[in-house]
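[1] would you be able to build a 3D model of this:
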Amino acid sequence: MANSRAARLAPVVEMAERAEREAARQMAHMQGLLAKAEAQLGVLERYRGDYQQQWISEGSKGVSGQWLMNYQRFLSQLETAIGQQLQSIEWHRHNLNKAREAWQQRYARVEGLRKLVQRYLDEARAAEDKREQKLLDELSQRLPQRDQN
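    Numbering: from 1, shown residues only. The predicted structure is shown next:
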């Protein structure tokens, strides 16, 4: 009976496993998006560093007012882009955390179902062992009676 209960749970376990795999795939996708956003931030920060280095080398030679205004305007735009990228990274981290929580919940559900199925299988095995032992006991009680007759 417990074995049939385990068998009836098989489709539920399969559905839970599919949901867990999908959640893991979604979490991996979110990790990829976060890594891409972090890489883009690195590019922007390196570009800013290079641009600031250009200021040092050009500034030592002397620059025009127009060059300085263009430099400051571009640097301001670059800082804005970096700020936006930092916000993007935070948004991706938040989404990754949500995806991780969803995966953890689905993983816990799968593990719980697997333990339940295992318990049902263990109960079925114990009941079968008990039934076999009872049968053996009955047979062993009958055998000596045969020999006496």
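[2] quick one: mean pLDDT over the host helix or strand of Ala39.
    Assigned by DSSP states H and E, Ala39 belongs to helix 2-61. When pLDDT is averaged over helix 2-61, the result is 92.
[3] now stretch 104-121
    For stretch 104-121, the mean pLDDT works out to 95.
[4] how far does that stretch sit from the chain's center?
    17 Å (Cα atoms, centre = their mean, to the nearest Å).
[5] pull out the buried residues from it.
    Arg106, Tyr107, Arg109, Val110, Leu113, Val117, Tyr120 (16 or more other Cβ atoms under 10 Å). Every C-beta, even on glycine, is put in place using the N, C-alpha and C of the backbone.
[6] and what of stretch 118-133?
    In stretch 118-133, counting by 16+ other Cβ under 10 Å, buried: Tyr120, Ala124.
[7] for Gly62, give me phi and psi.
    phi 100, psi 130 (degrees, to the nearest 10).
[8] now Val63
    phi -130, psi 160.
[9] how about it, what does it touch?
    Tyr71 (Cβ atoms under 8 Å, 6 or more residues apart in numbering).
[10] what helices and strands are in contact with the helix or strand encompassing Leu113?
    Here Leu113, judged by DSSP H and E, is contained in helix 65-148. On a contact count with 3 or more Cβ pairs under 8 Å, 6 or more residues apart in numbering; DSSP states H and E, helix 65-148 meets helix 2-61.
[11] name the helices or strands packed onto the helix it packs on?
    Using 3+ Cβ pairs under 8 Å, 6+ apart, helix 2-61 is in contact with helix 65-148.
[12] distance check, Ala126 against Gly112.
    21 Å (Cβ to Cβ, to the nearest Å).
[13] actually Leu139, not the one I wrote
    Taken as Cβ to Cβ, the span from Leu139 to Gly112 is 41 Å.
[14] now Glu58
    65 Å.
[15] how about Arg18?
    16 Å.
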